[in-house]
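*Asks:* can you look at this prediction? I've put the sequence above it.
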Amino acid sequence: MDGDGDGDGNGYYSICPICYQEVPSQDIHRHANDHFAEEEISRDLEFAQQIQLPPPLLVDTAMHCQTNFFESHNHHQSGSSSRDTATRTAACEQENDVDGKFCSLISLQTKETFYRVEGGLMPLLKNCLASESESQNVTSILSGYVDHFQSREWEDVGWGCGWRNIQMLSSHLITQRQEARDVLYGGTGFVPDIASLQRWLEFAWELGFDTQGSNDFDREIYGKRNWIGTTECAALLRSFGLRAMIVDFCSQGTRFASSTSALNHGKMASKQIDGNGKLAKVYGPMDRYLSRRDNSISHEASTGCGDSTYSSAPGGKVIMDWVWSYFSDNNSTKPGSRRVVLSEKAPLYFQHDGHSRTIVGIQAKFPSNGIHQYNLLILDPAHRTEDLEKFLKQNVGWQKLIKRGIHTLKKPQYQLCFIEPGIASGEEIDRLKVLCGIHFEV
């Protein structure tokens, strides 16, 4: 826009389209170009500043390491007035070592790659179960979200099922529980690969979680193909403050030998009744619940599922009743409601001799004879995720891969690992270092 002038070019003015200032018409092009030059300089300066900084994740992680990790594990000790100067100095050095290792593990870990089902696997399963409930008197309860992680022939077939189940549990916890997402694996928000999980387990042992169990591996598992079980799962998750609990189901006349038995390698071991008809003595940090006859559930490790009558019921029924009570929260889901319910409960790590799987829910049928019939709903690392997706989308053949009835529970011993809500800190962390939980004789 031109203003009044004398016609010789010196008296005409134009409005700058960038800053809306009046500028002599003869200078308008230079003035406008100067704006673009300034913008480029500003962008270049901002980019230079960005590349001089560490990645945002590492910055946040370092702050988290220094302010949260060691404090949450040990703050009840650091405030003790009885410590002398030397002890306090040693504690500070330990803090630096632990926090440094913690930050290093975060930066070294790798996100697991896996076949991701579009829209999620659990909604597909929910739809299939819902179609069954229309024609049958059944109720199904599912964990809200779980990714399936399969064992790969070139990586972990034959030994990696335990790690894959930890990944499935982690996928739920990271997605469904914000408090767990904030602490698991340094708050990165993703599920690490097996090698990274092995490093985290070694770190848990270094912190004192399941010390006796760690001795079975000489405290080293990174890069190895050792089988793992519920105790390793619990130790790893507990090291982040998660309340991971273990439940044992043993046939009458058998006992888990100890936390250092072959159970820690994903196998099961037992001690038979001796010649006098008495249970052989067992040793280890889990003895206080593995060897007791009382099937009551302590407050510290309870989901409200305990019932002393479980001890006299057939083994498979005890497991089914416990899992139903766990997912239904005892009373929140009424039998025979003909529906599919999404539970806030986390999946269950399900261990038996030689293999482990993940229980993501349970289905209950209520026939006219009044005898409840249960099917565990499981995800098996040995199955291909693409096969699960295919059969669920077609609503054909998926039952053989996912449903497990009471007739399949033929092993003399089983273990479950479940995660209670909340995050532990302070003195509770120390209590979690000793693995103890619940035992049922069936």
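*Replies:* Good, I have the coordinates. Numbers count the residues shown, from 1 in each chain.
*Asks:* show me where the stretch 151-300 of the chain has its helices.
*Replies:* In the stretch 151-300 of the chain, the helices defined using DSSP state H, counting those that start in this stretch lie at 161-176, 178-183, 194-206, 211-215, 230-238, 287-290.
*Asks:* what helices or strands is the third one leaning on?
*Replies:* For helix 194-206, the packing partners by 3 or more CB pairs under 8 Å, 6 or more residues apart in numbering; DSSP states H and E come out as helix 85-108, helix 161-176, helix 230-238. (C-beta placed from N, C-alpha, C; glycine too.)
*Asks:* out of those helices, nearest to residue 203?
*Replies:* Across those, residue 203 has its closest neighbour in helix 85-108 (6.0 Å, CB to CB).
*Asks:* so for that closest one, mean pLDDT?
*Replies:* For helix 85-108, the mean pLDDT works out to 72.
*Asks:* where does the stretch 301-442 of the chain dip in pLDDT?
*Replies:* Along the stretch 301-442 of the chain, segments meeting pLDDT under 70 span 301-314, 330-338.
*Asks:* thinking again about what came up before, which of the helices of the stretch 151-300 of the chain sits closest to residue 103?
*Replies:* Among the helices of the stretch 151-300 of the chain, helix 194-206 comes nearest to residue 103, with 11.4 Å by CB to CB.
*Asks:* only C-alpha atoms, please: export that closest one in CSV.
*Replies:* What follows is helix 194-206 as a C-alpha-only set of coordinates in CSV (Å, rounded to 0.1, in the frame of the first residue of the first chain):
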residue,chain,number,x,y,z
ILE,A,194,15.3,-60.3,26.5
ALA,A,195,18.9,-59.1,26.8
SER,A,196,17.8,-55.9,28.5
LEU,A,197,15.6,-57.9,30.9
GLN,A,198,18.5,-60.1,31.7
ARG,A,199,20.5,-57.0,32.7
TRP,A,200,17.6,-55.8,34.8
LEU,A,201,17.4,-59.1,36.6
GLU,A,202,21.1,-59.0,37.4
PHE,A,203,20.6,-55.5,38.8
ALA,A,204,17.8,-56.8,41.0
TRP,A,205,20.1,-59.5,42.4
GLU,A,206,22.8,-56.9,43.0
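*Asks:* tell me the most buried of the helices and strands packed on helix 194-206?
*Replies:* Most buried of these by mean neighbour count (mean count of other CB atoms under 10 Å) is helix 230-238; its value is a mean of 28.
*Asks:* between the two ends of stretch 112-128, how far is it?
*Replies:* Start-to-end span of stretch 112-128 (CA to CA, to the nearest Å) is 28 Å.
*Asks:* mind starting the numbering at 653 from now?
*Replies:* With the count now opening at 653, the last piece we talked about shows up as stretch 764-780.
*Asks:* mind listing what's buried in it?
*Replies:* 764, 766, 769, 773, 774, 776, 777, 778, 780 (16 or more other CB atoms under 10 Å).
*Asks:* would you verify that the last one is located in a helix?
*Replies:* Read that as residue 780. Yes - counting by DSSP: H, G, I helix; E, B strand; the rest coil, residue 780 is located in a helix.
*Asks:* I figured it hits residue 1046, correct?
*Replies:* No - assessed by CB atoms under 8 Å, residue 780 is found out of contact with residue 1046, at 9.5 Å.
*Asks:* picking that back up, adding mean pLDDT and distance to residue 752, write the helices of the stretch 803-952 of the chain out as a markdown table.
*Replies:* Shown next, in a markdown table, are the helices of the stretch 803-952 of the chain (pLDDT from 0 to 100; distance: least, CB to CB, whole Å):
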| stretch | mean pLDDT | distance to residue 752 |
| --- | --- | --- |
| helix 813-828 | 98 | 24 |
| helix 830-835 | 96 | 18 |
| helix 846-858 | 97 | 12 |
| helix 863-867 | 93 | 21 |
| helix 882-890 | 98 | 20 |
| helix 939-942 | 30 | 35 |
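*Asks:* and these: which comes nearest residue 758?
*Replies:* The nearest among these, by CB to CB, is helix 846-858 at 9.5 Å.
*Asks:* identify all contacting residues around the closest one.
*Replies:* If you take CB atoms under 8 Å, 6 or more residues apart in numbering as the criterion, helix 846-858 is touched by 753-754, 757, 760-762, 764, 807-808, 812, 815, 818-819, 837, 844, 862-863, 866, 871-876, 880, 884, 887-888, 890-891.
*Asks:* which non-adjacent residue is nearest residue 886?
*Replies:* In space, and not counting its chain neighbours, residue 886 is closest to residue 896: 4.1 Å by CB to CB, 6 or more residues apart in numbering.
*Asks:* where does that neighbour land on pLDDT?
*Replies:* 98.
*Asks:* now for it, how many residues are close by?
*Replies:* 28 (other CB atoms under 10 Å).
*Asks:* repeat for residue 1077
*Replies:* Neighbour count of residue 1077, defined by other CB under 10 Å: 16.
*Asks:* does it touch residue 895 like I think?
*Replies:* No - counting by CB under 8 Å, residue 1077 does not reach residue 895; the two are 11.1 Å apart.
*Asks:* residues near residue 845, how many?
*Replies:* Using other CB under 10 Å, the number of residues around residue 845 comes to 19.
*Asks:* now it: how far from residue 863?
*Replies:* 26 Å (CB to CB, to the nearest Å).
*Asks:* same thing with residue 1072?
*Replies:* 22 Å.
*Asks:* next, the buried residues of the host helix or strand of residue 1041.
*Replies:* Using DSSP states H and E, residue 1041 sits in helix 1037-1046. By neighbour count on 16+ other CB under 10 Å, the buried set for helix 1037-1046 is 1037, 1040, 1041, 1043, 1044.
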